[in-house]
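Engineer: Here is the input, now give the coordinates:
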Amino acid sequence: MAEDAEEQPVFETSTGPVRVITAASLFDGHDAAINVMRRLIQASGAEVIHLGHDRSAKDVVDCAIQEDAHAVALTSYQGGHVEYFTYIRQLLDEAGCEHVRIFGGGGGTITPPEIRELHQAGISKIYSPDDGRTMGLFGMIHHLMGIAQEVDLTSDSRMKSLNGPVTPDDMAKVGLLLTLSESADEVTFKETIEACRSSSNDVPVIGFTGTGGAGKSSLLDELMLRIQRDNPGKKVCLLCVDP
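Structural biologist: Below is the predicted model of the structure:
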């Protein structure tokens, strides 16, 4: 493994680092494998958003859409993996996120025929125990990263989707705008924002910062509860950055 680490390839996309959502499947408390994998994915240069264990298909898909991810990487040792992975693929496709790649593993619980079925259903790669033996940990991670980095988040078809009003319910488009805010030049970004503005109203922007343990999350929780209670139907954009 040390030898592989010394030959670490560089994985970059047209918009910056590869962005990967990691999680263990619904009703599955076996999170040791995904914890190892997410650390290796991060060590390979990716931005990792880790959801932990026992996460539903909707949890994973909502996060992938909102974070404008290149890929999701999941483990499933609890059974029901064929339905779980294919449902995630279906939900992503329905949301217009056909570009998001799906990777998974589950040791011997996912049989070779099931792996073939999942690949035919649009899952990019299910890693088997044989893959682990032949490729090694870093080999599997580098394979995943190599495929994920080919995803173009700012493809022509996605950029054309911004030619019109974007509302808070268009989460895939909002996620793309956040990606552009990081990667596009200032002129292009301003032109794109004007093209997809859905309201002429200016809204207040409030920022919170503080040292660890200062109570930022608790304060935000209480504020959001009160805003939603007192203003039903209103939308609030909540952006959280955890370095």
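
Engineer: How is the chain partitioned into domains?
Structural biologist: 2-148, 154-202, 208-243 (automatic domain parsing).

Engineer: winner for burial among the ones you listed?
Structural biologist: Neighbour counts (mean count of other C-beta atoms under 10 Å) averaged over each of the domains of the chain peak at domain 2-148, with a mean of 18. (Each C-beta comes from the backbone N, C-alpha and C, glycine too.)

Engineer: and it, average pLDDT?
Structural biologist: The predicted model gives domain 2-148 an average pLDDT of 94.

Engineer: How about stretch 222-235?
Structural biologist: Stretch 222-235 comes out with an average pLDDT of 93.

Engineer: List every C-alpha atom in it, with coordinates, as PDB.
Structural biologist: This file holds the C-alpha atoms of stretch 222-235, laid out as PDB (Å, rounded to 0.1, in the frame of the first residue of the first chain):
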ATOM      1  CA  GLU A 222     -33.200  27.400  16.600                       C
ATOM      2  CA  LEU A 223     -33.400  30.200  14.000                       C
ATOM      3  CA  MET A 224     -34.500  27.800  11.200                       C
ATOM      4  CA  LEU A 225     -37.200  26.300  13.400                       C
ATOM      5  CA  ARG A 226     -38.600  29.700  14.200                       C
ATOM      6  CA  ILE A 227     -38.400  31.000  10.600                       C
ATOM      7  CA  GLN A 228     -40.200  27.900   9.300                       C
ATOM      8  CA  ARG A 229     -42.800  28.000  12.100                       C
ATOM      9  CA  ASP A 230     -43.600  31.700  11.600                       C
ATOM     10  CA  ASN A 231     -43.300  31.800   7.800                       C
ATOM     11  CA  PRO A 232     -44.800  28.600   6.400                       C
ATOM     12  CA  GLY A 233     -44.100  28.200   2.700                       C
ATOM     13  CA  LYS A 234     -41.100  30.600   2.700                       C
ATOM     14  CA  LYS A 235     -37.700  29.400   1.400                       C
END
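
Engineer: Strands of the protein, residue ranges please.
Structural biologist: 19-24, 47-50, 71-75, 101-105, 125-127 (DSSP state E).

Engineer: Among those, single out whichever gets nearest to residue 162.
Structural biologist: In terms of C-beta to C-beta, the element of the strands of the chain nearest to residue 162 is strand 19-24, at 18.9 Å.

Engineer: Same list (the strands of the chain) but as a markdown table, adding distance to residue 176.
Structural biologist: A markdown table is the format used below for the strands of the chain (distance: least, C-beta to C-beta, whole Å):
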| stretch | distance to residue 176 |
| --- | --- |
| strand 19-24 | 12 |
| strand 47-50 | 16 |
| strand 71-75 | 16 |
| strand 101-105 | 17 |
| strand 125-127 | 25 |
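
Engineer: Quick one, which of these gets closest to residue 152.
Structural biologist: Nearest to residue 152 among the strands of the chain is strand 101-105; the distance by C-beta to C-beta comes to 11.9 Å.

Engineer: Please name every helix or strand in contact with the closest one.
Structural biologist: strand 71-75, helix 81-94, strand 125-127, helix 129-148 (3 or more C-beta pairs under 8 Å, 6 or more residues apart in numbering; DSSP states H and E).

Engineer: Quick one: closest of those to residue 237.
Structural biologist: Comparing the helices and strands packed on strand 101-105 by their distance to residue 237 (C-beta to C-beta), the top pick is helix 81-94, with 22.4 Å.

Engineer: And residue 217, how far from residue 208?
Structural biologist: Residue 217 sits 9 Å away from residue 208, going by C-beta to C-beta, to the nearest Å.

Engineer: Report the contact partners of residue 16.
Structural biologist: 47, 182, 183 (C-beta atoms under 8 Å, 6 or more residues apart in numbering).

Engineer: Many thanks, have a good one.
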